[in-house]
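*Asks:* Next comes the sequence, and after it the predicted model I'd like to discuss.
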Amino acid sequence: MKVEDSKEKGSSFYLGFLFLSKPKREALAAVYAYCRHIDDIVDAGDLTAEAARHELGFWHDELDRLFGGRPTHRVSLRLAPHVRRFALAKEPFLEVLKGCEMDLGQVRYESFAELQAYMARVASAVGLILVEIFGHRATPPELLREFAMDFGYAFQLTNIIRDVGADLDKGRVYLPAADMREKGCALESLLRRERTEAFLAVMERQYLRAKGFYRKARESLDPADRPAMLPAEVMAHVYEGLLEDIRASGFDVLRTAPRQGALRKAGRALKAWLYCRGFTGA
């Protein structure tokens, strides 16, 4: 799982905070703290795999306590009032937990369908939580779910594209093995950080998939709900802009993870604000 650091004032997560009322900011911060804590159990490097599984086991029980009105951990105590205020469901929080558990035992994905199941847990599930905090009134429930799921896929796939090199350092390859075989991109070549034509073809396929998810998400949302979903669209504009930057660089991601400057992020956030108020296209 890849959770962006909201303490960085130029981050897309932080920019999303700026467009929320205080109660919604506090709820979003509490959800972020939960995701950060679960992610750190797996990725911070402080725990063995066995110890991490034990900690995640605690959180299976703690979610039962949280949604039963008996939280005990500081993170779940912080979440509790927002769970009540926004009528948040337990299942997406559980899916995030299960997604992080996958990172303990799975370092490769055979097909894109397999990868998508992972992304549904670690990213789209978060989207299902956040849309209830942001608020909505016009989009039918089934389309709202598609909006949250598809933006989650788009964000996570953008992160995967950005972090190919960083994930190799952790012994993980999120690029689907079937895509690599089809394009002739050998794992050995990837491990040597060789930016071959075959590698570029694999990355182009992931880029096109991500672009499709950004498009599908926006098509699912009723325009009347765009102002409420402005924080999501801010993050989408920033992430999609990063995706375009990476493609323009020739997918130069094998040794360093590309970043965006604060001014570029702010410009993309402004474009999101204009889009949500009907002044520009996405």
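*Replies:* Perfect, thanks for sending it. Numbers count the residues shown, from 1 in each chain.

*Asks:* I figured residue 85 was touching residue 23, is that so?
*Replies:* Yes - between residue 85 and residue 23 there is a contact at 6.8 Å, judged by CB atoms under 8 Å. For every residue, glycine as well, the C-beta is placed using N, CA and C.

*Asks:* For residue 281, give me its contacts.
*Replies:* Going by CB atoms under 8 Å, 6 or more residues apart in numbering, residue 281 touches residue 275.

*Asks:* State the three-state secondary structure for it.
*Replies:* Assigned by DSSP: H, G, I helix; E, B strand; the rest coil, the conformation of residue 281 is coil.

*Asks:* Disregarding flanking residues, what is the spatial nearest neighbour of residue 104?
*Replies:* residue 49 (5.3 Å; CB to CB, 6 or more residues apart in numbering).

*Asks:* List phi and psi for that neighbour.
*Replies:* phi -60, psi -40 (degrees, to the nearest 10).

*Asks:* and residue 210, how many neighbours does it have?
*Replies:* Neighbour count for residue 210, taken as other CB atoms under 10 Å: 24.

*Asks:* unless I'm mixing things up, it is touching residue 161, no?
*Replies:* Yes - counting by CB under 8 Å, residue 210 touches residue 161, with 6.9 Å between them.

*Asks:* where do the helices sit along the stretch 151-282 of the chain?
*Replies:* Under the criterion DSSP state H, counting those that start in this stretch, the stretch 151-282 of the chain carries helices at the ranges 164-169, 177-183, 187-191, 197-220, 230-248, 262-276.

*Asks:* could you dump these to CSV with mean pLDDT and distance to residue 134?
*Replies:* Putting these into CSV (pLDDT from 0 to 100; distance: least, CB to CB, whole Å) gives the following:
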stretch, mean pLDDT, distance to residue 134
helix 164-169, 95, 30
helix 177-183, 98, 33
helix 187-191, 97, 38
helix 197-220, 98, 13
helix 230-248, 96, 6
helix 262-276, 93, 11
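
*Asks:* and for residue 210 and residue 161, which residues touch both?
*Replies:* Common neighbours of residue 210 and residue 161, counting by CB under 8 Å, 6+ apart, are residue 243.

*Asks:* For residue 17, see how far away residue 139 is.
*Replies:* Residue 139 sits 23 Å away from residue 17, going by CB to CB, to the nearest Å.

*Asks:* The two: which has the busier surroundings?
*Replies:* A count of neighbours by other CB under 10 Å puts residue 139 above the other of residue 139 and residue 17, at 21 against 18.

*Asks:* helix, strand or coil for that one?
*Replies:* Judged by three-state DSSP, the three-state class of residue 139 is coil.

*Asks:* show me where the stretch 1-150 of the chain has helices.
*Replies:* Under DSSP H, counting those that start in this stretch, the stretch 1-150 of the chain gives helices at 12-17, 22-43, 49-67, 74-85, 90-105, 112-119, 125-134, 141-162.

*Asks:* so which of those helices gets nearest residue 196?
*Replies:* helix 141-162 (16.2 Å; CB to CB).

*Asks:* now that closest one and helix 197-220, what's the angle there?
*Replies:* Put simply, helix 141-162 runs at 160 degrees to helix 197-220, going by axes from the mean of the first three to the mean of the last three CA atoms, to 10 degrees.

*Asks:* Could you list the buried residues of helix 141-162?
*Replies:* Applying a neighbour-count criterion of 16 or more other CB atoms under 10 Å, one finds 143-162 buried in helix 141-162.

*Asks:* go on, stretch 69-80?
*Replies:* Neighbour-count burial for stretch 69-80 [16+ other CB under 10 Å]: 71, 75, 76, 78, 79, 80.

*Asks:* Any stretches of the protein with poor pLDDT?
*Replies:* Within the chain, the ranges that satisfy pLDDT under 70 run 1-14.

*Asks:* switch the cut-off to 80
*Replies:* The chain contains residues with pLDDT under 80 at 1-19.

*Asks:* related to what we said a few turns ago, so of the buried residues of stretch 69-80, which two are at opposite extremes in space?
*Replies:* 75 and 80 (10.0 Å).

*Asks:* Residue 98 is in contact with residue 60, correct?
*Replies:* No - using CB under 8 Å, residue 60 makes no contact with residue 98, being 9.1 Å away.

*Asks:* between these two, which one's more packed in?
*Replies:* More neighbours surround residue 98 than the other of residue 60 and residue 98, with 15 against 12 (other CB under 10 Å).
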